[in-house]
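> Here you go, sequence then predicted model.
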Amino acid sequence: MRLLALATAVAALCATPVQAAEPLPAVVPKAETATLYDDEAGGDADADDPAIWRNAADPDRSLVVATAKQGGLRVYDLDAREVQSIAAPAAPGPDDAPGRFNNVDLVRSSRLGDLAVTSDRGADRLRVYRIDRDRPGGPLKDVTDPNAPRVFSASQDEVNEQRTAYGLATWTDRKTGRSYALVSQRERTRVALLELSARTDGTVGYTKVRTLDLPQSFQLPNGTSWTPCGEPGELPQVEGMVVDPANGTLYAGQEDVGIWRLRADLTGTPQLVDKVREFGVPGTYDEETEECTAGADPGFGGTRISADVEGLTLVHEEDGDGLLLASSQGDNTFAAYDREVSDANEYEGGFRVTPASATLDGSEECDGAAALNEPLGRRYPNGLLVVQDGHDAPGETERASTNFKFVDLGTVMDAVDD
């Protein structure tokens, strides 16, 4: 573990002048999954994070694997129809936390094969599923090492405090062929690097390589120190993460701070690519409302994303270019940045996912996103963007409703280019 001193770099970035935001273009979804409800009547689900698996032999039969938190995993076809549902693990004891899947990502490697890896926030572990589109009973099979260790907690008592495995991104090092999972810790700034490896019994386990702590407070240009407001003892956590396999660069969204760029092996010094608009705004936590009351804005925030910055995903292009997409949950938009580190991840534009019809709505308060810039058969020949929708049934007042929207990636690229 290394605590990073980044005050100078952050202060320089904070000096960027604020500019007026321009109206953003809109794209519409082509399909959506069934609504998931986060209560007893709907199965205690809650959509969160998707990943896209391409069936190279038959792209029309590709899949979307997505977390439903306490509802476990859902697997969808390209028509957004559910083809498999996997329950989260039960609690080990009557007073213990049950399984709660948070984020998911895929591994495709010659060593391990095709895997879906998810963070189990409830158990502070990773769970690993092998992908076989033609497997009877469903394409996912649990191959988690039964002896897989906890990621951050030393005991079940610590697990029950739920400062556990949260955000997740996978990465295969092109030089060594080794595969890794990067996992963030809930309510902390820590990120862990875990190496994935095959066991002799056919399961897949992991070993912790190192951890890194991102900053929890920041020196502002006016000489004051700022820490994002939260519940007592709660630090500014990371959730959305993605790794660029071409250069081993990790992008991590610290929800109330902004987007960090750092080496995926967690060495070197992270750089803050962009800040949320609320960066530097003081806040006071109200115990009664369990909300933060914001003070006067000193003007040190960014201009493109609003807290929380959430789902991060990459769009790869054949010429080596591409985009980093980020969900700006606070204003229901998405921001696009140049993928090239040499261009300092320059902002390229943004977009909204808006309703396609009276029955097919857009995306609000998006938690997770996944893009794949490869042809996916007749439905998505230009690639696919899948985004979580935090309010799938706007008229519903008693139950939280969420789902996933499927968007033609070509329309997104056109919107950003415009």
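Received, thanks.

> Tell me how far the most centrally placed residue in the chain lies from Asp79.
Nearest to the mean C-alpha position of the chain, counting by CA atoms, centre = their mean, stands Gly240 at 3.0 Å. Distance, Gly240 to Asp79, by CB to CB, to the nearest Å: 26 Å. (Glycine included, C-beta is placed from N, CA and C.)

> go on, Pro23?
Plainly put, Pro23 is 32 Å away from Asp79 if you go by CB to CB.

> before we move on, what about Asn147?
From Asn147 over to Asp79 (counting by CB to CB), the distance is 39 Å.

> next one: Val28
Counting by CB to CB, the gap from Val28 to Asp79 is 17 Å.

> Looking at those two, which is more packed in?
Neighbours around Val28 and Asp79, counted as other CB atoms under 10 Å, are more numerous at Val28. The numbers are 17 against 12.

> shouldn't that one be in contact with Val353?
Yes: at 7.2 Å, Val28 counts as touching Val353 under the criterion of CB atoms under 8 Å.

> Find the residues that touch each one of the two.
Jointly contacting Val28 and Val353 under the rule CB atoms under 8 Å, 6 or more residues apart in numbering are Gly362, Val407.

> My guess is Leu409 contacts Leu384. True?
Yes: when contacts are counted by CB under 8 Å, Leu409 is listed as touching Leu384 (5.5 Å).

> Return every residue with contacts to both of the two.
Taking CB under 8 Å, 6+ apart as the contact definition, Leu409 and Leu384 share the neighbouring residues Ala371, Leu372.

> what about the two, which has more around it?
For Leu409 versus Leu384, neighbours defined as other CB under 10 Å are more numerous around Leu384 (28 against 24).

> Look at Glu317 and report its pLDDT.
Glu317 is assigned a pLDDT of 88 by the prediction.

> and what of Ala21?
The confidence metric pLDDT takes the value 52 at Ala21.

> Also Ala7?
pLDDT, Ala7: 38.

> and if you look at Phe279?
The per-residue confidence score, pLDDT, reads 97 for Phe279.

> again with the one 3 residues further on
With respect to pLDDT, Pro282 has a value of 96.

> thinking again about what came up before, could you list every residue that touches the residue nearest to the centre of the chain?
For Gly240, the contacting residues are Gly167, Ala252, Gly253, Val309, Glu310, Gly311, Leu312, Ala326, Ser327, Gly368, Ala369, by CB under 8 Å, 6+ apart.

> Adding secondary structure, write these out as JSON lines.
Below are the contacts of Gly240 laid out as JSON lines (DSSP: H, G, I helix; E, B strand; the rest coil):
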{"residue": "Gly167", "secondary structure": "strand"}
{"residue": "Ala252", "secondary structure": "strand"}
{"residue": "Gly253", "secondary structure": "strand"}
{"residue": "Val309", "secondary structure": "strand"}
{"residue": "Glu310", "secondary structure": "strand"}
{"residue": "Gly311", "secondary structure": "strand"}
{"residue": "Leu312", "secondary structure": "strand"}
{"residue": "Ala326", "secondary structure": "strand"}
{"residue": "Ser327", "secondary structure": "strand"}
{"residue": "Gly368", "secondary structure": "coil"}
{"residue": "Ala369", "secondary structure": "strand"}
